[in-house]
Every structure is written in structure tokens, then in C-alpha cells.
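S.K.: need a 3D model of the sequence below.
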Amino acid sequence: MGEEVQIGIWDEVPKEPPAGVENGSVCVWLGGKESIHAMMEGKPKAADAQQGKKDPSCYLVLSTERTSGRADEIYAYQSAEVILDFILRHMEQYQKQKGAGTEVGAGVEVFVDISIKRSLLSCGAVYAQEKGNMQKVLLVDMIPCSALTGMLSLPDPEKDFPDLILALRRKKSVHLMEHIVRSGNMDILPAACNPSVLYELSEEDFRLLLSQVTQINCYDTTIILAGTPMPGIGYLFSLAGRVVCLQDESSYSACRRNALKMFYRYSGGKEEQWKDLVLKHEGIRVCRETGEHMLFEWRNQKTGEQVRRELMQ
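M.R.: You can find the predicted model right below:
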């Protein structure tokens, strides 16, 4: 019998190999996109792990020889794509079982901006970063022609946002890691290249998307940057744990805020879950350089301080 590779799937990566792993076996722990990439490079990042469970929730066995013909075996000398797809399918099934009791839309927060569009980027990103220190966070960018990807110099995901929506509509298996990119403490689902897609989303599309991220991928918090009201946003309002309305101190913002809140109530939103954030300072200071350091810049500006003070309590 050839060498076996045991793959344990944990909520968090353990600091040490689990009990019962024999000498000579190879244990790879999967904890998300970065861990999978590290696995493919042969460099599991156990050093940065937090304390986890000692026994994995489930095992997959990879063998170099055909042994019992079990369905959960895969054999050596296959391409990395085949092996990774096999692992992802098992992870998806595990996540479905894990999130079976989670309510669709649990942990959803919606950010809307009625006056200063670029503040939506900085405030949403700063808030997601702060939340990411404690939780698994997904930032969903639904701003038409958004500047977030360029400001943070994010790489293009393997598949675009419309590909994700189409797969969900067709009830196909979805690997969310193909659609997201990582920046700092958060995962980001970038905006659609074609903004017209955002205006074609229905309530059912939002339901499928939120079911995917909360029940299957088990994000603790999903932050949606809604740059403008769109079809289906009433559904988001009805189930969001919080709606943050960014505005300035002008009478124009006050009138738009009142109109939007009227629609929020009409959609079934609860009064106590609406949060006004009246920005006292400029949303984003103009910088020549872009990249992940922008998150640090935003965090230390006065608007970032206000976000932490008023939203993180």
C-alpha cells in the first residue's frame, strides 16, 4: 500500500497535528483560500494558526495506490486541478452540513451612501478590516464601476461576479474561492465588470447568494456595499442585521436619507437596525499611490476613527 495523505478540515487550523495521525503520514489542513494555495505550494501555514480542535471534523484519504475502491479516495499522479476539485467538493459537502442550521442572511450588514460615493469604499473597507480581526468576513462590492479594485490594487479573480450569479441560478456547484480575492483581514467579492448585471439582480438572486456565503461558506459577517438602490435591495433591507446610511450634513443628504428610510420601512426593515453615520470629515484623502497600504491609510484618517468609534461598539 502506498503512502496516504490525511486531510483534516477544521473550523480553525490547529497548532499541532491531531491525535491519532501516524508517523510518516502527511496532514494538510484546509482553512480557506490562503491555506489551499499554501497546500498546493507545499507550505501549510500552521505557524500563524489559532488554537483549534485536536480532532478534525472529517478526513479525506489520498492514496498513491488503489486500495479498497472507496469513493473518498483519489490517486497519485493526477493533475492538481483534479485533486483540488475533489477536495473542494468534499469541503462543500462538509460546509453544507456545518451551516445547515444557519439562517439565510445571518450576519448581513448593508452600507448605502446617499451623498459621498467614495466614502462608501473607505468606510466599508475599514469596517470590514476591523471585523476581520475577530470574525470571518466577506465584503461584497456592488458599486457600479467601483474603484475599490483599483484603489487596493486587487488581482482579478478567476471568475467574475456574473459567473457566480449564473452558476447559482443554474444550481451548479459553486467554489466561492474562484470569485473572491483576499486583502488584509477580509475576503472581497469584487464588483461586476458589467454594471448592468447589478440592475438585473432579483430577490431570488440575492437569496441564493446569501445562502451560499452564510450557510455553505459560513461567513460570520457579510458586508454589502450597495452604491445605489437596485432591484432586489428591498430583500436585503428586510433581513439585514444592520443598514448603515452614510451621509454628510447637507439638507440634500437629509432629504435623500428620509426618502430611502421610507423605502426601508416599506421593505420590512426594523427601526432599531437602521444606523445613520453622518460623516464629519472627507471620506478619502487623495493619494497618488494605490495598493493594500491604502487600508492602513483609510484606517488612520479621521473618517476611519469615526467608523471604529460609532460602528464597532
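S.K.: residue 111 in helix, strand or coil?
M.R.: strand (DSSP: H, G, I helix; E, B strand; the rest coil).
S.K.: how close does it sit to residue 247?
M.R.: 12 Å (Cβ to Cβ, to the nearest Å). The C-beta positions use only the backbone N, C-alpha and C, and glycine is treated the same way.
S.K.: equivalent analysis for residue 141, please.
M.R.: Distance of residue 141 to residue 247, given as Cβ to Cβ: 20 Å.
S.K.: same check on residue 185?
M.R.: Look at residue 185 and residue 247: by Cβ to Cβ, they are 27 Å apart.
S.K.: hang on, the earlier thing: which of residue 141 and residue 247 has more neighbours?
M.R.: A side-by-side neighbour count of residue 141 and residue 247, using other Cβ atoms under 10 Å, places residue 141 first with 24 against 21.
S.K.: does that one touch residue 191 like I think?
M.R.: Yes. The criterion here is Cβ atoms under 8 Å, and residue 141 meets it with residue 191 at 4.3 Å.
S.K.: please enumerate the shared neighbours of the two.
M.R.: The overlap between the contact sets of residue 141 and residue 191 (Cβ atoms under 8 Å, 6 or more residues apart in numbering) consists of 148, 149.
S.K.: tell me, how many residues neighbour residue 127?
M.R.: For residue 127, the count of nearby residues is 24 (other Cβ under 10 Å).
S.K.: wait, a helix at it?
M.R.: Yes. The assignment for residue 127 is a helix, going by three-state DSSP.
S.K.: let me see the contact set for it.
M.R.: By Cβ under 8 Å, 6+ apart, residue 127 lies in contact with 111, 223, 244, 307, 311, 312.
S.K.: do that again at 10 Å, thanks
M.R.: With Cβ atoms under 10 Å, 6 or more residues apart in numbering as the criterion, the residues that contact residue 127 are 109, 111, 137, 139, 186, 221, 223, 244, 277, 304, 307-308, 311-312.
S.K.: buried members of these into ChimeraX, please.
M.R.: Selecting just the buried residues from the contacts of residue 127 in ChimeraX takes one command, with 16 or more other Cβ atoms under 10 Å as the test:
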select :109,111,137,139,186,221,223,244,277,304,307,311
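S.K.: just send the contacts of residue 127 back as a markdown table, with pLDDT and distance to residue 147 too.
M.R.: Below are the contacts of residue 127 laid out as a markdown table (pLDDT from 0 to 100; distance: Cβ to Cβ, whole Å):
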| residue | pLDDT | distance to residue 147 |
| --- | --- | --- |
| 109 | 84 | 21 |
| 111 | 80 | 15 |
| 137 | 91 | 20 |
| 139 | 94 | 14 |
| 186 | 90 | 17 |
| 221 | 89 | 23 |
| 223 | 93 | 17 |
| 244 | 92 | 19 |
| 277 | 89 | 20 |
| 304 | 83 | 17 |
| 307 | 88 | 18 |
| 308 | 88 | 22 |
| 311 | 90 | 22 |
| 312 | 83 | 24 |
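S.K.: in strands only, show me the contacts of residue 127.
M.R.: Those of the contacts of residue 127 mapping onto strands are 109, 111, 137, 139, 186, 221, 223, 244, 277, per DSSP state E.
S.K.: the fourth one and residue 120 touch, don't they?
M.R.: The reference is to residue 139. No. With contact defined as Cβ atoms under 10 Å, residue 139 and residue 120 do not form a contacting pair (11.3 Å).
S.K.: who touches both of those two?
M.R.: 111, 148, 225.
S.K.: which single one of those is nearest to residue 131?
M.R.: Closest to residue 131 out of those is residue 111 (12.2 Å), distances taken as Cβ to Cβ.
S.K.: quick check: neighbours shared by residue 111 and residue 247?
M.R.: Common neighbours of residue 111 and residue 247, counting by Cβ under 10 Å, 6+ apart, are 119, 277.
S.K.: how many neighbouring residues does residue 153 have?
M.R.: Residue 153 sits with 13 neighbouring residues when counted by other Cβ under 10 Å.
S.K.: quick check: it is in a strand.
M.R.: No. Applying three-state DSSP, one finds residue 153 to be coil, outside a strand.
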